[in-house]
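> pasting the sequence and the predicted coordinates here, then a few questions.
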Amino acid sequence: MRRLIERIFSREIGAFRRFLTRWRKKPSSMSASPSTSRRSVTEKPSHSPPKAHHPPPKAHHPQPKTHHPAAEKGSPKKAKPPLRPREKRVDATSQKKTAPRASSQKKFPVSPSPHNKRVASRKSSAKPNRIAPQRGKHLAREIAKTPEDPFASTVGSAVFHLVLLLILIPFLTPQPSPPPEPSRLVIRYIPREESQPEKETPTPEKTPPEITEEKPVLPVPDTEEISDPSPPGNTEAQTQPKVFSSDADSSHTPTGRTGKGRVKALSLHGGNAQTESAVAAGIDWLIRHQSPEGNWAPERFDKRCADTENPCDGLGYAEHQAGITSLALLALLGDGHVPSASGSTREQSAFLALSWLIDHQDKTGCIRSAKGDSPRNMYDHGIATFALCEAAQLMRDPVIEKKALLALTFIEEAQQPGGGWDYFPSPTLRNDLSITGWQVLAIQAGRKLGFLPSHRLTEKLNRFLQRSIKPSGRATYADRGRGRGRGGYGIDAVGLLTRIIHGESPHSLQSRQISADLLRHLPAPTEREDWDREPQSMYYWYTATLALFHVGGAAWDTWNSSLQEFVLPMQHTVGEQRGSWDPDPNWIGKAGGRVAQTALGVLTFETYFRYTPIYRQLGSKP
């Protein structure tokens, strides 16, 4: 590992070593380089006494190289030259040792001697070789070794500097300021403080009682007009904070589904005697075609017709029996009929339907169309949970509340990882906005019971709604599988209703844009044949009615006028079919049949007194 690092960073290590060598070098002692020291050693003998004092040597000249022809002829090999390098090395060492003596002879001259003559002759003969031999390579201390792979060294240097730069960037760059948190309007329910009578105390003078004004309460969207949402005996509802409230301020939002509150709501929101007659006729038809078990069988409700010669047509799919029964029960509850086993005919009908739903709820909380291992459908379960929560609000029965909580828990467990819901509760990675809309209605009904959803469910739902509904308000039916990427004003109405119920302001730019687009597609019963091209249906009219009712203003007035002009006359007024609506001539009508069509029609014309517009709950004008 050490050798690999030295090879890669050899250039930087060599530069660092050269820097240390220069820094440690002393200027006084290291002034002379090795080459100059050698020159001084070789030049010192030049200061010896002149040659006049020393007689020239007689026969001590260096012998030139001689050739031996005889040897060359006898052997092909060349003769070995004399060992000159060894003699030179000996002379060099002798020169270094005798150099101080030469300086001493300069100070103290002596007479030449035969030994001195031999030394002088050797010096004179070795004079041409006194120059230091030229070095073929640089010393290791003067230059670093060249790396074996220059490319690897360059890449290593680049990586080293890049890592160093990444380490220094956080210290050199200032930290960005955190973005401001998005503002959200959270409206919590504050229970009305009931004035308790003061204890009578004997006073000499009678003082008039003080009149205290009650504080207005700002409720949260999608609140049905029920006087008190907190039933007795629910400890969880008492400990958890209320998020949705009922119509606390009766001066602005009339309460109740019967009596004077209903009459006032009809006058405020555009209802009239014709809409009331349509609701009553629709409720009567539903009760006449209810099964003795309490459900509405979409595939055989015609068996309940009194006129056997001319029975009703428009059968539906038996697999959606739970959802269709729940729609009929919601219509009864919306008309103000509280389930009771010993009440009026309509109350007994609602009680039978509620008992049938509870009887078809399994241990996990799912409400199925049939007992046993029948398929579980989130369309049916969402509508059934919605009806179950609303019945619990009206009955104030702890047993019904427990069943509603179990159904709400199943909705939370069936949520897809993407934040929405699909046809089936198992993870499919598909998110359907139409199915999600019914689950949101059920969750909001559970809030009024005090059953608040978890933070995880809410965050996932928010992310899904942001993905499926664009900033312009255009919605997408699904993100995977059937209906992937498909849009249209039909699903736009579902998206607007879901967003408003979930907390979107009815006065936002998105709400206004979609409201204007829905007004360009008013109810048109003659355009229901091709649903994929024109999503005109009773389901579209119901969702758009709820959405524009919460928006209010001119948009609601325009839509309500068209609704009463085109949809109200579609209800049958004579024969066995009186009070019902014919199924839509598309696949939606075939699935729900006449029972679902009639129940949705009744719910549509109950909007005037069943709900309080959100703009009124917020204290704003439409």
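All right, it came through fine.

> any stretches of the stretch 251-400 of the chain with poor pLDDT?
Counting by pLDDT under 70, the ranges of the stretch 251-400 of the chain that qualify are 251-256.

> what about 90?
Low-confidence segments of the stretch 251-400 of the chain (pLDDT under 90): 251-261, 308, 371-375.

> helices along that one, start to end?
259-269, 273-288, 321-334, 345-359, 378-395, 398-413 (DSSP state H, counting those that start in this stretch).

> just checking, what packs against the fourth one?
The elements that helix 345-359 packs onto, with contact taken as 3 or more CB pairs under 8 Å, 6 or more residues apart in numbering; DSSP states H and E, are helix 273-288, helix 321-334, helix 378-395, helix 398-413. Just so you know, the C-beta spots here come from the backbone N, C-alpha and C atoms, and that holds for glycine as well.

> still on that earlier bit, include mean neighbour count when you put the helices of the stretch 251-400 of the chain into TSV, please.
Formatted as TSV, these follow (neighbours: other CB atoms under 10 Å):
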stretch	mean neighbour count
helix 259-269	17
helix 273-288	19
helix 321-334	27
helix 345-359	20
helix 378-395	26
helix 398-413	20
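
> follow-up on the earlier one: take the helices and strands packed on helix 345-359 and lay them out in a markdown table including distance to residue 474.
Formatted as a markdown table, those follow (distance: least, CB to CB, whole Å):
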| stretch | distance to residue 474 |
| --- | --- |
| helix 273-288 | 31 |
| helix 321-334 | 27 |
| helix 378-395 | 23 |
| helix 398-413 | 26 |
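
> out of these, which is closest to residue 574?
Between residue 574 and these, the shortest gap by CB to CB is with helix 273-288, which sits at 10.7 Å.

> quick one: contacts of that closest one?
By CB atoms under 8 Å, 6 or more residues apart in numbering, the residues outside helix 273-288 that reach it are 266, 296, 304-306, 328, 331-332, 335, 345-346, 349, 564, 568, 571, 573, 577-581, 595, 598-599, 601-602, 605-606, 608.

> now, which of those residues lie within strands?
Judged by DSSP state E, strands contain none of the contacts of helix 273-288.

> can I have the buried ones of those as a ChimeraX selection?
A single ChimeraX command selects the buried members of the contacts of helix 273-288 (16 or more other CB atoms under 10 Å):
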select :266,296,304,305,328,331,332,335,346,349,564,568,571,577,579,580,581,595,598,599,601,602,605,606,608
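
> so which of the helices and strands packed on helix 345-359 comes closest to residue 488?
Between residue 488 and the helices and strands packed on helix 345-359, the tightest spacing by CB to CB is seen for helix 378-395, at 18.9 Å.

> elements contacting the closest one?
helix 321-334, helix 345-359, helix 398-413, helix 433-447.

> please redo it, this time with the cut-off set to 6 Å
Counting contacts by 3 or more CB pairs under 6 Å, 6 or more residues apart in numbering; DSSP states H and E, helix 378-395 is packed against helix 321-334, helix 398-413, helix 433-447.

> in JSON lines: these, plus distance to residue 511.
Below are the helices and strands packed on helix 378-395 laid out as JSON lines (distance: least, CB to CB, whole Å):
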{"stretch": "helix 321-334", "distance to residue 511": "24"}
{"stretch": "helix 398-413", "distance to residue 511": "26"}
{"stretch": "helix 433-447", "distance to residue 511": "16"}
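
> quick one: closest of those to residue 361.
helix 398-413 (6.3 Å).

> now do that closest one and helix 378-395, the angle between them.
Using axes from the mean of the first three to the mean of the last three CA atoms, to 10 degrees, one finds that helix 398-413 and helix 378-395 are set 150 degrees apart in direction.

> what lies in contact with helix 398-413?
Residues from elsewhere that reach helix 398-413 (CB atoms under 6 Å, 6 or more residues apart in numbering): 233-234, 358, 364-366, 385, 388-389, 392, 439, 446, 451, 457.

> go through those and name the one nearest residue 490.
Using CB to CB, the contacts of helix 398-413 come closest to residue 490 at residue 439, 18.4 Å.

> wait, the closest one sits on residue 420?
No: contact criterion CB atoms under 6 Å: residue 439 and residue 420 do not qualify, at 8.3 Å.

> coming back round to it: out of the helices of the stretch 251-400 of the chain, which is closest to residue 20?
Of all the helices of the stretch 251-400 of the chain, helix 398-413 comes closest under CB to CB, at 69.3 Å.

> can I get that closest one as PDB, trimmed to CA atoms?
Provided in PDB are the C-alpha atoms of helix 398-413 (Å, rounded to 0.1, in the frame of the first residue of the first chain):
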ATOM      1  CA  PRO A 398     -70.900   3.000  21.500                       C
ATOM      2  CA  VAL A 399     -71.400  -0.300  19.700                       C
ATOM      3  CA  ILE A 400     -71.900   1.400  16.300                       C
ATOM      4  CA  GLU A 401     -68.900   3.700  17.100                       C
ATOM      5  CA  LYS A 402     -66.700   0.700  17.700                       C
ATOM      6  CA  LYS A 403     -67.700  -0.800  14.400                       C
ATOM      7  CA  ALA A 404     -67.100   2.500  12.600                       C
ATOM      8  CA  LEU A 405     -63.600   2.800  14.200                       C
ATOM      9  CA  LEU A 406     -62.800  -0.800  13.000                       C
ATOM     10  CA  ALA A 407     -63.800   0.100   9.500                       C
ATOM     11  CA  LEU A 408     -61.700   3.300   9.600                       C
ATOM     12  CA  THR A 409     -58.700   1.300  10.700                       C
ATOM     13  CA  PHE A 410     -59.100  -1.000   7.800                       C
ATOM     14  CA  ILE A 411     -59.100   2.100   5.400                       C
ATOM     15  CA  GLU A 412     -55.800   3.200   6.900                       C
ATOM     16  CA  GLU A 413     -54.200  -0.200   6.600                       C
END
